[in-house]
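>>> Give me a 3D structure for the following:
(chains A, B, C, D and E, ligands or ions: 4)
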Amino acid sequence: MTTSEEIKEKSPLISVKDLEKHFTDVHALNGVSVDIYRGDVVFVVGPSGSGKSTFLRCLNRLEEPTSGTILFEGINITDKKCDINKHRQKMGMVFQQFNLFPHMTVMRNLTIGPMKLQHKTKEEAESYAHELLKRVGLETRADAYPNQLSGGQKQRIAIVRALCMRPDVMLFDEPTSALDPEMVGEVLEVMRDLAEDKMTMVVVTHEMAFAKEIATKVLFMAEGQILETGEGREFFENPKTERLKTFLEKVL
Amino acid sequence: MTTSEEIKEKSPLISVKDLEKHFTDVHALNGVSVDIYRGDVVFVVGPSGSGKSTFLRCLNRLEEPTSGTILFEGINITDKKCDINKHRQKMGMVFQQFNLFPHMTVMRNLTIGPMKLQHKTKEEAESYAHELLKRVGLETRADAYPNQLSGGQKQRIAIVRALCMRPDVMLFDEPTSALDPEMVGEVLEVMRDLAEDKMTMVVVTHEMAFAKEIATKVLFMAEGQILETGEGREFFENPKTERLKTFLEKVL
Amino acid sequence: GQSGKTLTMATNAEFPPYEYHDGTEIVGIDVEIAQAIADKLGRELVIEDMAFDSVIMAVQSGKADIAMAGLTITEDRKESVNFSTPYTTASQVIIVKEDSDITSPDDLVGKRVGVQLGTTGDIYVDDIEDATVERYGKGFEAVQALLQDKVDAVMIDNQPAQVFVSQNEGIKIVDEAFTVEEYAAAIAKDNTELLDQVNDAIAELEESGELQAIIDKYITD
Amino acid sequence: MFSAIMDFGDKLGTALFKLSYNFPNQFYLNFIKENRWKYLTDGLKVTLTVTIFAVLIGVILGFLVAIIRSTHDKTGKLTLLNWVCTVYLTVIRGTPVLVQLLIIYFVIFGSVRVDKVFVAVVAFGINSGAYVAEIIRGGIMSIDQGQFEAGRSIGFNYTQTMIYIILPQVFKNVLPALGNEFIVLLKETSVSGYIALQDLTKGGDIIRSQTYSPLLPLLAVALIYLFFVMILSKLLKILEGRLRNSDH
Amino acid sequence: MFSAIMDFGDKLGTALFKLSYNFPNQFYLNFIKENRWKYLTDGLKVTLTVTIFAVLIGVILGFLVAIIRSTHDKTGKLTLLNWVCTVYLTVIRGTPVLVQLLIIYFVIFGSVRVDKVFVAVVAFGINSGAYVAEIIRGGIMSIDQGQFEAGRSIGFNYTQTMIYIILPQVFKNVLPALGNEFIVLLKETSVSGYIALQDLTKGGDIIRSQTYSPLLPLLAVALIYLFFVMILSKLLKILEGRLRNSDH
Ligand SMILES: Nc1ncnc2c1ncn2[C@@H]1O[C@H](COP(=O)(O)OP(=O)(O)OP(=O)(O)O)[C@@H](O)[C@H]1O
Ligand SMILES: Nc1ncnc2c1ncn2[C@@H]1O[C@H](COP(=O)(O)OP(=O)(O)OP(=O)(O)O)[C@@H](O)[C@H]1O
Ligand SMILES: [Mg+2]
Ligand SMILES: [Mg+2]
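Ligands and ions are numbered 1, 2, ... in the order given. So this is what the prediction gives:
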C-alpha cells in the first residue's frame, strides 16, 4: 500500500495534456503533453519561434491556452472558474527582461507580493527577503532602486522576488539572454543552487552547457511540438532524431 | 635599396599614436598606440566598457579623438583640415545593429554610396553589388527591403554595403552580438572569407573561438588601454598578464 | 429668478455712451436708466456684460431679466421678446474718413462696410447691393478697422458714432442720417409682470424729467 | 495682396517710429490713465482661476476615461462605459473648444443663471479631460507589457496590478505632459471673451476699446501670457530633469 | 452655483422637449428662411481655405526651422539662425493664437488693407509652423543615431546624410503628425471670427444674431466640424496603417 505522501510524490506537480495555442495567424503550440514532477529540473530547448516561451507562459496562464488542460497540484487551472491568481502565487516566474518594478526599492519589490497577497507583516516579509538576498549575495542592495543595479544583479533580484512567494515551481524564460557575458555566470550560479535545493524548475534557455550540467529532463521543441525528450546529459550526447542532431550541431 | 612598393608594404596602413578620448565624465581611451598592416586581421577583446568600441569608432572619426594622431595610408586623418569624408570611403564599417537604411531596397542600400560619392553609373554600381551579393549568398534578395530580412541576412548586407565602396580596411563592432545564435554562423562565414582574401580587418567581438581561429593579432583592452597584444592562437593559449587570464577564464 | 431681489440686465458694454467700461465700472445712459428702474422696483441692479448678439438670447433664456443695450425695436426681435415703451430715439449713421467720397447712404453701393454683428446697422447694410459687410464683434473694432483703412465706412447708431468721432481724429459722420429708430428694453415674452412694471417706471421717469437729465448728461450737442 | 506685402515693411517702420516717439504718451494712455492696468491684472486673475480649475477637472476626468478605456482594451470588460467614453472623446476632440464653450454657455446652461467663471471652468475642464485622457492612455500603453506580466505572475489581479504597479509609473511618466496641458489651457482660455468673461485677453480688448490704440494693449497681453508660459515651461523642465535623474 | 447644477437636468429636459416639439419650425427659421444655410456653407469654404493654406505654410516653415535647429544641435553651426528660430518658437508657443491673430491683423498689417483670408492664413501658418517644427525635430531625433553614423561611415557629409538618409525617414514618420496638425488647425481657425472673417463658426454666429435661437446654429456648426474631423481622422488611420505595413 502506498501512503498519501507517496501518492503525492508520485503524481506529477504539473501535468500538461494536449495543449494547443493559436495566435491570430500562428499555430504556436500544437498538442503538447508532458508531466513534471517535484524536484524535476526541466530544460526546454529548440530553435527560435518553436513555441518554448509560449509553452512556459501557458503554464501559469500568462498566455491563455486555446485548448488542452494543465493540472497543477491536481487542480485543473485551465478551468475558467478557478482563481488563477491564487495558483500563480505558487508558480514563480523569471523573465528575460527582469521586469523589476522600477518605482520601488529592491526590498519593496520583494515584499509587496507577500504583504499584499499573503498578508505577511512587514517584518515577516522583510526578514525572509533578507535571508534570500543573503543567499544570492545582494544583502547590501536592499535599499537600491532597480536602475542602480547591473543586469546580473537585477536578474538575481527577480529570482528572489519570485522565491519570496515561496513557490512550488519556478519558471524561467531565457533568464540570461539579456545579460552581458560576464554576468551570466552569477545568475546561473543562483539557479544551480536552487536546483541543488530540489526546487522544481522549468527553464527555457539557449545555454546548452548549463542544461547539460544540471537538467534532470530536457524537452526539445520544434514547430509547437515536443519532438524529443531525454534525461540531461544523455539527451545531448545521444540525440535520437535527425532534427535534434542538426540543432545541436548548430548551437554547441 | 627598397622600392617604394616595398615601403608601402612595410609601412602600416593605420598607425595610431597616443590616442586619448574623454567623454564628459569618462576617460574612455587612455593612450592607445598600435600599428595595423595590410592584410592584418586584428581582434579587439576586453571587458564591457573598456573602450573597444570607442577605439574602433575613433579610427574613422565617428568619435572625435580628444588627442593623439591616426595616420591612415600615411595621412594624418585627425588633422581638422583633412576631408574625413574622403577617407571614410576607404574604411568600411559594420555595426552591431546593422544600420541598414530601412527606406531603401537592398540594392539601393548597396549602390547609393558608390553612385553619389564615387560617381559610378547605376550599371557599374549594380553589377559590382550583384557580384558581392552572390558571394554572400543573397543574390535573390536585391529587391527586398531590410525589414524583410533576418538578422543574419541584414548583417551580411551591411558587410556588402561597406565592401561596395571598395575599402582598404573593414571595421567591425560586435557584428554578431545582436543576432540569434542560429544566425551567428552565416555572418562569421562571410568574415572568414574576407580574411582569407587578405582584407585588412579590425574586429571588436566577444566571439573568442572565432578570434582564436582567424586573428593574426589580438589586442586586449581594459580601462581604455591596450594591456596585452598577441598573435592569434598564442594570445589565448599563453596569456601573460593576470588580468587577461582572469578575463579569458570568465568568457571561454 | 424673475422674482428675486435683483434685476439682472444684459448688455454689451462696448457701446458708448449707452454702456461702456469706465475704470472698473460699467456706465452709460442705459445703465443709469436701468438703475433708476431698479430703484423704483426696489431691486438691486446686476449687470451682465456679453456679446451684443447674445443679449436677446440672454433674456429669452432667463439668464437676464432685462436687456438694455442700445436695442432698437425691430419686427424680427419682437418675435423673440417683448419691448418696453421706447425711452429714446436714435438713428443709424455712417462714419467715414474725412477725405472719403461717400456722402450719402447711396454711395455705399459696392463698398466695404464695417458693422457690429447683430446690430440694426448689420441688418440694413445686408440689404445694400454689392456692399461687403464686415461684421465685428465690437463697435470699436469696426471703427479701428476704418481708421486703418480696412473698411470704407462704418454704420452704427448715432450716439456711439458721436463718441467714436469725438475720440478719434480723421473721421466724420456723413450728414444724412440713414434711418430713425427707437431704443427700448427687451423683456422675456412670458414675463408680462415685469414688462408692466418697467413701462410704469419709464413713464414716471419721463414725467419727472429724470430720463432727459440722464441723456443730457452723456450727450451734449 | 503682394503690393500690400511690399508696402508693409514701410508702414511697419513708420509705425515703429511713431511708437518709439510716442511711447511715454501711449504708455500713459493705455496703462496708467484711469488705472487701465487693472483690466489686465483683473483679467489675469480670471484667466489663472479658470485654467487651474479646468486643469483639475481635466486631470480627474482624463484619468477616469483613460482607466476605463485601457481596462476595456486589456480585459474586454466595461463595454458600455467604454462606448460612452469613446463618444465623449470623439465629440470633444472633433469640435473647436470655442464652439463647445458657446454650446455649454448658451445651450447646456441656456436658461440657468450661472457664474461665467464656472461655465468656463466646466467647458475647458471637459475639453481638457479628453486630451488628458489620451495622454494618460498613452502613458499606460507605454509601460512595458513586462511590468504588467510581472505583476500578474506574482498573483496580483488586474486591479491590484494597475494600482500597485502600473499607475504609479504612469503618473510619473505623464506628469510633464500634464504640466504641458496646463500651458495649453492657459492659452486656450483666451477665447473666453466670447462669453464676455473678462479674462486677460478681454482685459486688453477693453483697453483697446477705450484708447483705440491696438499696439500696446495687445503687446502687453501677449507679454503676460509669454511670461507665464515661460515660467511654467522652466518649472516643467526642472521637474522633467528631476524625474529623469531620480532612480525610481 | 450648486443649486444651478441641480436645476440643470430639469431645464435641459424642458429645452430638449421644446426643441423636439418645435424642431421643424426651428429648422426652417435657422437654415431655410432667407437662405440662412448659406452662411454655413460660405463659412465652411473660408474655414477650409484658411486651414489648407495655413498648413502648407506651417509645414514649410516647420521643416526649415527644424532643420536649422537640428543642424545646430549636431554640428554647432548656424548659431544666429538658431537663435532666431528659438525666439520664434518661444514667442509663438508662448502666446495664444488669438492674440497672435489680433496682433497680425491690427498691428502688423495695421494700416494696410489686406484680404482677411490672407491675414488668417499668415497668422495660423506662422503659428502652426512653430508646432510643426517641434514635430519634425522630434522626428529627426527619433531616427536612430545609427542611421546617421551609417551614412557618415560610408563617406556622406552632413548635408548628404540628411538628404539621402535622414529626411526621407523623418518625412514618413511625421506624416501622421502633420495630418493631425491639419485637424488641430481646422478647429483652431474657429477664432478667426474675431477679425470679422466669416468662417464657419462666425457663420453660425450670424444666424444666431438673426434668429436669436442658439441651439440649432451651434449644433450645426459643431456637427460640420465633427464631420470633417472624423473624416480626416479616418483617412489618417488608413494612412498610418499603410505606412506601418509598408516595408520601407
Ligand atoms: N503574442 C503573440 N501574438 C502572435 N504571435 C505570437 C505571439 N507570441 C508568440 N507568437 C508566435 O508564436 C510562435 C512561437 O513563439 P515563442 O515566443 O513561443 O517562440 P520561442 O521558442 O520562445 O522563440 P525564441 O527562442 O525566439 O524566444 C512564433 O511564431 C511567434 O511569432
Ligand atoms: N557617447 C558617450 N558619452 C559618454 N560616455 C561614453 C560614450 N560612449 C562610450 N562612453 C563610455 O566610455 C567607456 C568606454 O565605452 P565603449 O563603448 O568604448 O566600451 P566597450 O569596450 O565597447 O564596451 P562594450 O563591450 O559594452 O561594448 C564606457 O565607460 C562608456 O560608458
Ligand atoms: Mg522565447
Ligand atoms: Mg562596444
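
>>> Next, the contact list for residue D:141, please.
Residues counted as contacts of residue D:141 (C-beta atoms under 8 Å, 6 or more residues apart in numbering or on different chains) are residue D:70. No exception for glycine: its C-beta is placed from N, CA and C like everyone else's.

>>> ok now the helix or strand where it lies, how far from the chain's centre?
When elements are defined using DSSP states H and E, residue D:141 is found to belong to helix D:116-142. Between the mean C-alpha point of helix D:116-142 and the mean C-alpha point of its chain there is a distance of 9 Å (C-alpha atoms, centre = their mean, to the nearest Å).

>>> List the buried residues of it.
Of the residues in helix D:116-142, those scored as buried under the neighbour-count criterion (16 or more other C-beta atoms under 10 Å in any protein chain shown) are D:116-137, D:139-140.

>>> try stretch A:239-252
Of the residues in stretch A:239-252, those with enough neighbours to count as buried (16+ other C-beta under 10 Å) are A:239, A:243-244, A:247-248, A:251.

>>> what's the next secondary structure element after whichever helix in chain D runs longest?
Among the segments of chain D that qualify as a helix by DSSP state H, the longest is helix D:37-75. Proceeding C-terminally, helix D:37-75 gives way to helix D:79-94 as the next helix or strand, assigned by DSSP H and E.

>>> Give me the residues contacting that next one.
Everything outside helix D:79-94 that qualifies as a contact, by C-beta under 8 Å, 6+ apart, is D:65, D:68-69, D:72, D:100, D:126-127, D:129-131, D:133-134, E:222, E:225-226, E:229-230, E:233.

>>> Return the distance of it from the chain's centre.
Here the centre of helix D:79-94 is set off from its chain's centre by 20 Å, with C-alpha atoms, centre = their mean.

>>> Give me the mean pLDDT for that helix.
The predicted model assigns helix D:79-94 a mean pLDDT of 96.

>>> the inter-axis angle of that helix versus helix D:116-142?
Per axes from the mean of the first three to the mean of the last three C-alpha atoms, to 10 degrees, the angle that helix D:79-94 makes with helix D:116-142 is 120 degrees.

>>> List the buried residues in helix D:79-94.
Buried residues in helix D:79-94 (16+ other C-beta under 10 Å): D:81-82, D:85, D:88-89, D:91-94.

>>> check contacts around residue 171.
Assuming you mean chain A. Residue A:171 touches A:56, A:59-60, A:91-94, A:201-202, counting by C-beta under 8 Å, 6+ apart.

>>> let's do chain C instead
Residue C:171 sits next to C:95-98, C:143, C:146-147, C:164-165 when contact means C-beta under 8 Å, 6+ apart.

>>> Equivalent analysis for residue C:66, please.
With contact taken as C-beta under 8 Å, 6+ apart, residue C:66 is in contact with C:7-10, C:34, C:37, C:59, C:185-187, C:194, C:198.

>>> which ones among those residues are found in helices?
Using DSSP H, the members of these that fall in helices are C:34, C:37, C:59, C:194, C:198.

>>> okay, among these, which ones form the most distant pair?
Within the ones in helices among the contacts of residue C:66, C:37 and C:59 form the most distant pair, 14.6 Å apart (C-beta to C-beta).

>>> got any ranges where chain C has weak pLDDT?
By pLDDT under 70, the weakly predicted segments of chain C are C:1-4, C:220-221.

>>> re the thing from before, make TSV out of the ones in helices among the contacts of residue C:66 and add neighbour count and distance to ligand 2.
Formatted as TSV, the entries for the ones in helices among the contacts of residue C:66 read as follows, by neighbours: other C-beta atoms under 10 Å in any protein chain shown; distance: C-beta to the nearest ligand atom, whole Å:
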residue	neighbour count	distance to ligand 2
C:34	26	73
C:37	27	78
C:59	28	70
C:194	22	78
C:198	28	79
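
>>> Out of these, the closest to residue B:37 would be?
Sorting the ones in helices among the contacts of residue C:66 by distance to residue B:37 puts residue C:59 at the head of the list, at 96.9 Å, by C-beta to C-beta.

>>> Distance check, the spatially closest residue to residue A:240 that is not a sequence neighbour against residue B:131.
For residue A:240, the nearest residue in space outside its immediate sequence neighbours is residue A:228; the separation is 5.9 Å by C-beta to C-beta, 6 or more residues apart in numbering or on different chains. In this structure, residue A:228 and residue B:131 are separated by 43 Å, where distance is defined by C-beta to C-beta, to the nearest Å.

>>> And the residue in the stretch 151-252 of chain A that ligand 2 sits nearest to, what's its pLDDT?
For the stretch 151-252 of chain A, the nearest residue to ligand 2 under the criterion C-beta to the nearest ligand atom is residue A:180, separated by 6.7 Å. Residue A:180 is assigned 87 on the pLDDT scale.

>>> Around it, count how many other residues there are.
Residue A:180 has 15 neighbouring residues, counting by other C-beta atoms under 10 Å in any protein chain shown.

>>> ok, it to residue A:154 distance?
12 Å.

>>> mind listing the strands in the chain by residue range?
I went with chain A, as the question did not name one. In chain A, strands defined by DSSP state E lie at A:14-22, A:27-36, A:41-45, A:67-72, A:75-76, A:91-94, A:169-173, A:200-204, A:217-222, A:225-230, listed in chain order.

>>> hmm, I had chain C in mind actually
For chain C, the strands defined by DSSP E cover C:6-11, C:14-15, C:19-22, C:25-27, C:44-49, C:66-67, C:82-83, C:88-97, C:112-116, C:132-136, C:153-157, C:171-173, C:179-183, C:186-187.
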